[in-house]
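S.K.: Predicted model and sequence below, questions to follow.
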Amino acid sequence: MNKKNIITVLLALVAIMGQAQTKTATISGYSPALKDGTVAESSIDNVRVASDTIIGGHFTLTVPVEGLTKSYLFLAGEGCPNHLMTIWLQPGADVKVTGKDCLYPLWKVESPLPEQQTLSRIMEYGHDTLAEFLRLNLANAPWDEERPVYMKYLKHTMDVLPSLPVDAASLEELEGVAMMARNYTKDFPYMEQLKELEASTAARAPKGFEEQLALIHSQVYPPHILQVGEEAIDAELIDMQGQKHHLAEVLGQSDRYVLLDFWSLGCGPCRMAEPEMRSAYEQSQGKLEIIGINQDKLSAWQEDNFSKNIVWKNWNDGKMGKGDIENSYCDMRAIPYYVLITPERRIIWKGAGYGMGWFMGLLSAINGSKQDNTANLSLTIQQVDADASGTTVSFRYYGHKNLWFRIAKGSYLEADGKKYKLTSANGITPDADIYPQVRATETTEGYLSNLCYTDFTLTFEPFDTIPTSFDFKEGDGEGAFVIRN
């Protein structure tokens, strides 16, 4: 079992420059704790638009803006948390951020903008809880430890919002809470308070925020999200030339699976996954169609070289990850997010994040023997030989050469309600760490050069009678490898 995968929940920064604009605002900052060489970055709509290298604790960013704009400040250096700080800007604004440590999201912000003052009041109210969260972040604590602290911070945000004006800043914070609630609908602990807050905010909001209020409402009361086993539905998207397309153009074609890839330019795992996806796509012999559904601003997406080099269908709905297609297919606001659809238009897999080996394993299953390996795409069955002496199953596991996997001694086959125990293994030792070492592609440089595989066979007790299908189960523990049918 190997559960390691890479995921971006909040859209990250991408190292490209936005379109040149004539109007600017300035963000300057200082802290004596910042190390020389720390990089300060400002991003808008997931695109990095300004950067500076810190010397003597100081940095200055000249940010292109056209009107009231939400930007993000990110400091990349020793002692800085992996967290974005929201800075509201408008042309001509001069914003100063100062602190005594490296926890910059907690620093004092001097700004003439009322929206920044609204945000500062929210931050002050939840200051101690956010500080605790940032320290956990710096300590690389697991999300299970960070999550209750962050939920507590969201509770503080909801507690203070009724006392603040309804403006762009307060609505952005409410939207952030609603997004988290949608991601954790089943166990979000403050759902009733959020519903009351959403209704009261909408009732007192001034005109001009109708679209954002509708989006928040759709997060609090999400429409039906398609699940595994359900039939895929159509959606309208546009390509990089501005031409309209529909998912229905490629859904339901004979022998062709469709993979929806929800991604963003600023998502590191999305970029890491692309080479393996490309390799699988090119080897799929026409059995796999990929539709990339980009989450960025149209101009940034259309002008970026990474976008231009994508070889499969590269589409966008123009709503920056907040449109109907995301509401229909994605269980959470996370990228990359994948949805695999059969030639019969049925959803058979949904996954967030990227695990090396997923797409080569998917390709192996599509091109090989009939099987459902969507529970663990990295593991695939190559061949089955069954006779009176036993059943020998040939497997291939794809993964990073430095990440181990294990196959448990308790593995078994299940057919017609009966279990058939593992009797021997060849090529691996059950319950031992195994590192894939055979190179899976011809690539010798970059992240994809680490993708390797291991072939092995497992032999099980003979079937009483040869079944039409069987399931492989690596024991009954949580996270066990399973291949069905």
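M.R.: Cool, got the structure. Residues are numbered from 1 along each chain as shown.

S.K.: residues near the closest residue to residue 422 other than its chain neighbours, how many?
M.R.: Leaving aside its chain neighbours, residue 422 sits nearest to residue 411 (4.7 Å; criterion: C-beta to C-beta, 6 or more residues apart in numbering). From N, CA and C alone the C-beta is placed, and that goes for glycine too. For residue 411, the count of nearby residues is 20 (other C-beta atoms under 10 Å).

S.K.: So which residues of the stretch 51-200 of the chain form helices?
M.R.: Using DSSP state H, counting those that start in this stretch, the helices of the stretch 51-200 of the chain run over residues 114-125, 127-138, 143-160, 168-183, 191-204.

S.K.: Out of these, which is the most enclosed?
M.R.: The highest mean neighbour count among the helices of the stretch 51-200 of the chain, using mean count of other C-beta atoms under 10 Å, belongs to helix 168-183: a mean of 20.

S.K.: What segments of the stretch 1-150 of the chain are strands?
M.R.: Assigned by DSSP state E, counting those that start in this stretch, the strands in the stretch 1-150 of the chain fall at 24-30, 39-44, 47-53, 58-64, 69-76, 85-89, 94-98, 108-110.

S.K.: Can I get those strands in JSON lines including distance to residue 276 and mean neighbour count?
M.R.: Conversion of these to JSON lines gives the following (distance: least, C-beta to C-beta, whole Å; neighbours: other C-beta atoms under 10 Å):
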{"stretch": "strand 24-30", "distance to residue 276": "38", "mean neighbour count": "20"}
{"stretch": "strand 39-44", "distance to residue 276": "27", "mean neighbour count": "21"}
{"stretch": "strand 47-53", "distance to residue 276": "25", "mean neighbour count": "20"}
{"stretch": "strand 58-64", "distance to residue 276": "35", "mean neighbour count": "19"}
{"stretch": "strand 69-76", "distance to residue 276": "26", "mean neighbour count": "20"}
{"stretch": "strand 85-89", "distance to residue 276": "33", "mean neighbour count": "24"}
{"stretch": "strand 94-98", "distance to residue 276": "40", "mean neighbour count": "17"}
{"stretch": "strand 108-110", "distance to residue 276": "42", "mean neighbour count": "15"}
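
S.K.: The most centrally placed residue in the chain bridge partners, please.
M.R.: The chain has residue 335 as the residue nearest its centroid, 2.2 Å off, counting by C-alpha atoms, centre = their mean. For residue 335, the beta-bridge partners are residue 8 (DSSP bridges).

S.K.: pretty sure it is touching residue 262, no?
M.R.: Yes - in this structure, residue 335 is within contact of residue 262 by C-beta atoms under 8 Å, at 5.7 Å.

S.K.: Tell me the residues that contact both of the two, please.
M.R.: Overlap of the contact sets of residue 335 and residue 262 (by C-beta atoms under 8 Å, 6 or more residues apart in numbering) consists of 295, 321.

S.K.: Could you tell me what pLDDT the model assigned to residue 155?
M.R.: Confidence at residue 155, expressed as pLDDT, is 97.

S.K.: That one and residue 130, how far apart?
M.R.: When distance is defined by C-beta to C-beta, to the nearest Å, residue 155 is 12 Å away from residue 130.

S.K.: re the thing from before, quick one: the strands of the stretch 1-150 of the chain as a markdown table, columns for mean pLDDT too.
M.R.: Listed next are these as a markdown table, based on pLDDT from 0 to 100:
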| stretch | mean pLDDT |
| --- | --- |
| strand 24-30 | 97 |
| strand 39-44 | 95 |
| strand 47-53 | 93 |
| strand 58-64 | 97 |
| strand 69-76 | 96 |
| strand 85-89 | 97 |
| strand 94-98 | 98 |
| strand 108-110 | 97 |
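
S.K.: nearest to residue 164, of the ones you listed?
M.R.: Nearest of the strands of the stretch 1-150 of the chain to residue 164, taken as C-beta to C-beta: strand 85-89 at 13.8 Å.

S.K.: Report the inter-axis angle for the closest one versus helix 114-125.
M.R.: Counting by axes from the mean of the first three to the mean of the last three C-alpha atoms, to 10 degrees, strand 85-89 lies at 160 degrees to helix 114-125.

S.K.: picking that back up, quick check: which of the helices of the stretch 51-200 of the chain is nearest to residue 44?
M.R.: helix 168-183 (13.3 Å).

S.K.: what residue ranges in this protein score low on pLDDT?
M.R.: Across the chain, the ranges flagged by pLDDT under 70 are 1-22, 185-186.

S.K.: please redo it, this time with the cut-off set to 80
M.R.: Scanning the chain for pLDDT under 80 picks out 1-22, 46, 184-186, 254.

S.K.: What residue in it is the furthest from its centre?
M.R.: residue 388 (47.0 Å).

S.K.: Apart from its chain neighbours, what residue comes closest to it?
M.R.: Residue 388 sits nearest to residue 462 (C-beta to C-beta, 6+ apart), 5.7 Å away.

S.K.: Correct me if wrong: the residue farthest from the centre of the chain contacts residue 463.
M.R.: No - the criterion here is C-beta under 8 Å, and residue 388 misses it with residue 463 at 9.2 Å.

S.K.: just the helices in the stretch 301-450 of the chain please.
M.R.: Counting by DSSP H, counting those that start in this stretch, the helices of the stretch 301-450 of the chain are 305-308, 324-329, 358-367.

S.K.: So which of these is nearest residue 215?
M.R.: Residue 215 sits nearest to helix 324-329 of all the helices of the stretch 301-450 of the chain, at 9.6 Å, using C-beta to C-beta.

S.K.: So which elements touch the closest one?
M.R.: Packing partners of helix 324-329 (3 or more C-beta pairs under 8 Å, 6 or more residues apart in numbering; DSSP states H and E): strand 257-263.

S.K.: Can you name the residues that contact residue 311?
M.R.: The neighbours of residue 311, taking C-beta under 8 Å, 6+ apart as the test, are 278, 281-282.

S.K.: Residue 384 now?
M.R.: Taking C-beta under 8 Å, 6+ apart as the contact definition, residue 384 lies against 369, 391-394.

S.K.: Would you mind checking the residues you listed for buried ones?
M.R.: Neighbour-count burial (16 or more other C-beta atoms under 10 Å) applied to the contacts of residue 384 gives 391-394.

S.K.: quick one, what contacts the closest residue to residue 84 other than its chain neighbours?
M.R.: Sequence neighbours aside, residue 72 is the residue nearest to residue 84 in space, at 4.3 Å (criterion: C-beta to C-beta, 6+ apart). Residue 72 makes contacts with 13, 42-44, 84-87, as judged by C-beta under 8 Å, 6+ apart.

S.K.: need those residues in JSON lines with distance to residue 180, can you?
M.R.: Compiled in JSON lines, the contacts of residue 72 are given as follows (distance: C-beta to C-beta, whole Å):
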{"residue": "13", "distance to residue 180": "21"}
{"residue": "42", "distance to residue 180": "24"}
{"residue": "43", "distance to residue 180": "21"}
{"residue": "44", "distance to residue 180": "22"}
{"residue": "84", "distance to residue 180": "15"}
{"residue": "85", "distance to residue 180": "18"}
{"residue": "86", "distance to residue 180": "15"}
{"residue": "87", "distance to residue 180": "21"}
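
S.K.: per-domain residue ranges of the protein.
M.R.: Domain assignment of the chain by automatic domain parsing yields the ranges 1-112, 117-222, 236-355, 359-483.

S.K.: Start and end of the longest one, how far apart?
M.R.: Between the opening and closing residues of domain 359-483 we find a distance of 16 Å, counting by C-alpha to C-alpha, to the nearest Å.
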